[in-house]
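Asks: Below is the sequence, then the predicted model.
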Amino acid sequence: FESYEQDFAVLTAEITGRIGKVPKLVGDEKKQMVANVEKQLEEARELLEQMELEVREIPAQSRGMYSSRMRSYKQEMGKLEADFKRSRIAYSDEVRNELLGDDGNSSENQRAHLLDNTERLERSSRRLEAGYQIAVET
């Protein structure tokens, strides 16, 4: 179990470093880095599975300590995946803006339209709920 922990620590450190680099890269370098991080995340998931198998074989009296470690490793893995997702979103936003020539002004207009439409939808929903209540009462 300890060797798996060491491997997991090294792997997560590498993943964290690469995730930090993803938004700064461009083009094929960025695509290659994203693919590498995905592979490393899969390796980390496999390591977690191996660690879980090891924990199951540990005697019951000391299993609790290892189970709590596993929970923290799973939380760390979830955090890494979320960070990676955010770095990929930054990547996709950058590419979208490059392709569409978006200068940022249209996003403000879109946001205003979205807020107006959301308000309109909420008013309509309230009217529908009121109509439903009347129908139920009758």
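Replies: Nice, thanks for sending it over.

Asks: Check the gap between Leu48 and Leu115 for me.
Replies: Counting by C-beta to C-beta, to the nearest Å, the gap from Leu48 to Leu115 is 42 Å. For the C-beta atoms, the positions are set from N, CA and C on the backbone; glycine is no exception.

Asks: Next, name the residue at the spatial heart of this protein.
Replies: What sits nearest the mean C-alpha location of the chain, by C-alpha atoms, centre = their mean, is Ala82, with 2.7 Å.

Asks: confidence score at that one?
Replies: What the model reports for Ala82 is a pLDDT of 88.

Asks: Does it lie in a helix or a strand, and which?
Replies: helix 60-100 (DSSP states H and E).

Asks: moving C-terminal of that helix, what's the next helix or strand?
Replies: helix 105-137.

Asks: check contacts around Phe8.
Replies: Contacts here follow C-beta atoms under 8 Å, 6 or more residues apart in numbering; on that basis Phe8 touches 44, 47-48, 51, 73.

Asks: please redo it, this time with the cut-off set to 7 Å
Replies: 44, 47, 73 (C-beta atoms under 7 Å, 6 or more residues apart in numbering).

Asks: swap in Phe84?
Replies: Going by C-beta under 7 Å, 6+ apart, the list of residues near Phe84 reads 19, 37, 41.

Asks: returning to that earlier point: name the nearest of the contacts of Phe8 relative to Gln133.
Replies: Tyr73 (49.8 Å; C-beta to C-beta).
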